[in-house]
Each structure stands twice: as structure tokens, then as C-alpha cells.
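Asker: Whatever this is, show me its structure:
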Amino acid sequence: MAVILRYVDNKSQVIERFMGVQYVIETTSSKLKESIDEFLKLHDLSYSNLRGQGYDGTSNMRALVALAKKNSDIGAFFTMTNSLVNVVGCSCKRRDALRDKQQENLMKAIENDCLETGQGLNQEISLKRAGDTRWNSHYDALISLITTFSSVVDMFDMIVEDCYNDSAELDDCFAEGNTELLICLARLSPNDSFVAFDKEKLVFLAQMYPKDFTDQDRSALQDQLDIYIHFVCSDNDFSQLRGINELAKKMVDKGLHRTFAYVYLLV
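Answerer: Next up, the predicted model:
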């Protein structure tokens with residue numbers, strides 16, 4: 001049970017203070033009153049100065065959580081805790097890995113006599129989220145994190161390593177594919193009277209786009225490329241072009257985007 005005091009200070013300002021969490025066996029009114037009595041005595045406070053009380057309700061829990069969130073440190077802490085639970089629990093693979101790592105660490109602790117054993121002890125525990133309407137869910141979230149902390153750290157090391165490996169593999173694949181694409185595209189350049197033209201590279205470029213070029217289309221492209229390069233190299237209108245953008249515009253101006261439709265599709 002969380003205890004919050006609201007009081008009026010010497011400046012007539014209403015102040016709220018989170019005093020602490022009091023353990024309760026039951027949530028009946030009598031048990032709650034006993035716990036409150038103990039808590040007030042512990043802090044040298046008296047019921048005689050108490051003007052009202054409220055407890056055991058969703059609205060009260062929401063007020064408590066809202067109050068805790070006003071403290072930037074507490075709010076940031078529980079936000080980070082929930083983010084941690086989301087990262088670890090977002091996939092079955094990670095949850096299984098956490099459970100396996102927890103069992104492994106548990107066995108090591110038992111073998112080294114670092115952990116008490118017995119019936120009901122060392123049960124499997126999963127990470128829990130802190131809810132907005134139940135303060136005890138924040139307590140449960142902390143207990144689950146403390147209990148599994150070493151395993152969670154190991155899990156994050158695994159996640160970081162996996163992300164690094166995946167990123168490196170993706171970068172390698174992208175770099176290789178991107179470089180090949182740029183090399184092939186350069187073979188379309190009209191600069192210096194199409195000196196960079198390479199029929200095989202352009203056919204290979206078409207193979208990179210299987211949705212746009214079927215096997216039959218690529219066969220037709222090969223035939224078109226022979227006629228195309230002969231035509232543009234013998235036409236003075238193409239001799240001063242710079243860049244693929246100018247080539248595409250000139251082909252449209254002269255209607256060649258229809259005559260050499262497969263070549264234009266590459267452009």
C-alpha cells in the first residue's frame with residue numbers, strides 16, 4: 001500500500017508528498033487501518049490531525065501514479081523499465097532466451113551454494129509491466145526486474161550483438177548490390193558519345209528488375225540495344241548530351257521512348 005499525505009503549509013499552499021510503501025497482508029478495511037496506524041506511528045504522526053482519508057480504489061491508484069509521474073526521476077525510471085520489458089518481451093525468441101538464461105544463472109547459483117533452495121523457492125519469474133491503475137504493479141515490476149536483472153543484462157548483450165551482426169550483414173549486402181547497380185546504370189550515360197555503353201551490363205541491369213523485365217523482355221532488350229546504340233551514335237542530336245536525365249528527355253522529344261521502349265524502361 002502506498003501512503004501519500006496532503007497538507008497545507010504555512011503559505012496556505014496544498015502540498016502532496018509520497019511518504020512510502022507499506023506492506024499489507026490483506027486489503028480489507030481493518031487490515032489497511034492497522035497498516036496506516038503503524039505507518040503514522042513510525043513517522044510520529046497522529047490521527048488527531050487527520051482530516052480525511054481515501055484508499056482501495058482505482059481512482060486513488062490513478063491519482064497515486066499521476067503524482068509519481070510528476071517526479072521526473074520516478075517517471076523516467078518507470079518509463080525506462082516499461083521500455084526494457086517491451087524490448088525483451090517483443091518476441092517469443094527473446095522471451096525464451098531470457099527464460100533459458102535465467103534458468104542457466106539459477107543453476108549456477110545453486111551449484112555454488114549462493115542461493116537458498118526449498119519448496120516454493122526460486123520459481124520462474126518473467127518481467128512485468130508497471131500499470132497505470134495499480135500501484136502494486138509497480139512493485140511487481142521492480143521485483144521481477146531485480147530478480148532477473150543479471151539475465152536481462154545478458155539478454156541485452158545478445159540483442160546488441162544480434163543487431164550489430166544484422167546491421168553489418170545488411171550493410172554488406174546493400175553496399176554490394178548498390179555498387180553493382182550504379183556500375184550498370186553508368187553504362188547508359190550518353191557522355192562522350194556513349195563511350196561507357198556496355199550491352200552485357202545493361203542486360204544484367206534488367207535482370208535486377210524481374211517484375212519489369214520478363215525473360216522474353218530481356219531477349220527483346222538485347223536486340224533493341226544493338227539498334228539503339230547504332231542510332232544514337234550516328235545522330236548529332238545525341239552527341240552533346242550530358243547525363244541520363246538529358247538522354248531521357250531527348251528520347252521523349254524524338255519519340256524514341258516508344259521505338260526503344262525496353263531501353264527507355266531502363267532509363
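Asker: Next up, the contacts around V263.
Answerer: Neighbour list for V263: 202, 221, 224-225, 228 [criterion: C-beta atoms under 8 Å, 6 or more residues apart in numbering]. Bear in mind the C-beta positions are built from the backbone N, C-alpha and C, glycine included.
Asker: L221: neighbour count?
Answerer: 22 (other C-beta atoms under 10 Å).
Asker: And it, how close does it get to R99?
Answerer: 55 Å (C-beta to C-beta, to the nearest Å).
Asker: what does T214 give?
Answerer: Note on T214: its distance to R99, by C-beta to C-beta, is 49 Å.
Asker: Ranking helices and strands of this structure by mean pLDDT, which lands last?
Answerer: Lowest on mean pLDDT, DSSP states H and E among the helices and strands of the chain sits helix 58-70, with a mean of 55.
Asker: before we move on, back to that, of T214 and R99, who's got more company?
Answerer: Neighbours were counted for T214 and for R99 using other C-beta under 10 Å; R99 has more, 15 against 11.
Asker: Now that one: which helix or strand?
Answerer: helix 92-111 (DSSP states H and E).
Asker: now do Y7
Answerer: strand 2-8.
Asker: Next, count neighbours for I146.
Answerer: Applying other C-beta under 10 Å, I find that I146 has 10 neighbouring residues.
Asker: so what's the most centrally placed residue in the chain up against?
Answerer: Nearest residue to the geometric centre of the chain (C-alpha atoms, centre = their mean): V87, 7.0 Å. By C-beta under 8 Å, 6+ apart, the contact set of V87 is 94, 156, 159.
Asker: A helix includes it, no?
Answerer: Yes: under DSSP: H, G, I helix; E, B strand; the rest coil, V87 falls within a helix.
Asker: how much space between it and L225?
Answerer: As for V87, its distance to L225 is 52 Å (criterion: C-beta to C-beta).
Asker: repeat for P190
Answerer: Using C-beta to C-beta, P190 is found at 14 Å from L225.
Asker: Tell me the buried residues in stretch 89-103?
Answerer: Going by neighbour count (16 or more other C-beta atoms under 10 Å), the buried part of stretch 89-103 is 94, 97-98, 101-102.
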